[in-house]
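S.K.: Give me a 3D structure for the following:
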Amino acid sequence: MSKTKISDFIGDNLEEDFLSFDLTEIQEVLQTLQNTEAIDLSHAEILQQQALRGADVLTEYLSRLIKTIGYLENKVNSVINKAALDYKSPDGSKVTIEMRKWAGTNSPEAEAVQIKLANAKASKMLLEKKYDIITKSFYHYKEIASGIRKTILGYGNLNVSDKIPQGYE
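M.R.: From the prediction side, this is the model:
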């Protein structure tokens, strides 16, 4: 069996191509959970497994996205600082601190990184909401399975004082 490392899940790149994460499987899981009612115990347990699979995929994507957001936040500051330090007055006059700040925050490079960061944060919010829906669905089907076990299969609450039939101790 090959070794499984954290980098297999979070990736090796500092900046992941998060806009191309494939959410097809997640959307299929969400569609199934939305349109399916548990009709028996095994069906409820299958729906729980599907919800867990969706949560697992989203966890990997979220970890890659959190790494990317941290990298982009640092990159924004670096790009702004570099643009501010490199700024030269067009007419050759003395450059003030305010001029450098303006040049740094309004540089095209800084704007490009800020747009990427905004997309990453919006993507993270989207994935977190989908994760919440999937985990709530998991617990919904878990409650259904628990109810089926108690009512139909007779696994009701046993009190300590209840006599357990012989052979089932």
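S.K.: And what about the most centrally placed residue in the chain, helix, strand or coil?
M.R.: Relative to the mean C-alpha position of the chain, the nearest C-alpha, by C-alpha atoms, centre = their mean, is the one of Leu62, at 3.3 Å. With DSSP: H, G, I helix; E, B strand; the rest coil as the basis, the three-state label of Leu62 is helix.
S.K.: does it really touch Met125, like I thought?
M.R.: No: the criterion here is C-beta atoms under 8 Å, and Leu62 misses it with Met125 at 10.6 Å. Placement of C-beta: from N, CA and C, glycine included.
S.K.: What pLDDT is listed against the nearest residue to the residue nearest to the centre of the chain once chain neighbours are set aside?
M.R.: In this structure, Leu62 finds its nearest non-sequential neighbour in Leu127, 5.3 Å apart by C-beta to C-beta, 6 or more residues apart in numbering. Listed pLDDT for Leu127 reads 97.
S.K.: wait, isn't Leu127 in contact with Glu60?
M.R.: No: the pair Leu127 / Glu60 is not scored as a contact, 10.1 Å apart, by C-beta under 8 Å.
S.K.: quick one, which of those two is more surrounded?
M.R.: Set Leu127 next to Glu60 and count neighbours by other C-beta atoms under 10 Å: Leu127 wins out with 21 against 14.
S.K.: Now for that one: which residues touch it?
M.R.: Under the criterion of C-beta atoms under 8 Å, 6 or more residues apart in numbering, the contact list for Leu127 reads 58, 61-62, 65.
S.K.: All set, thanks.
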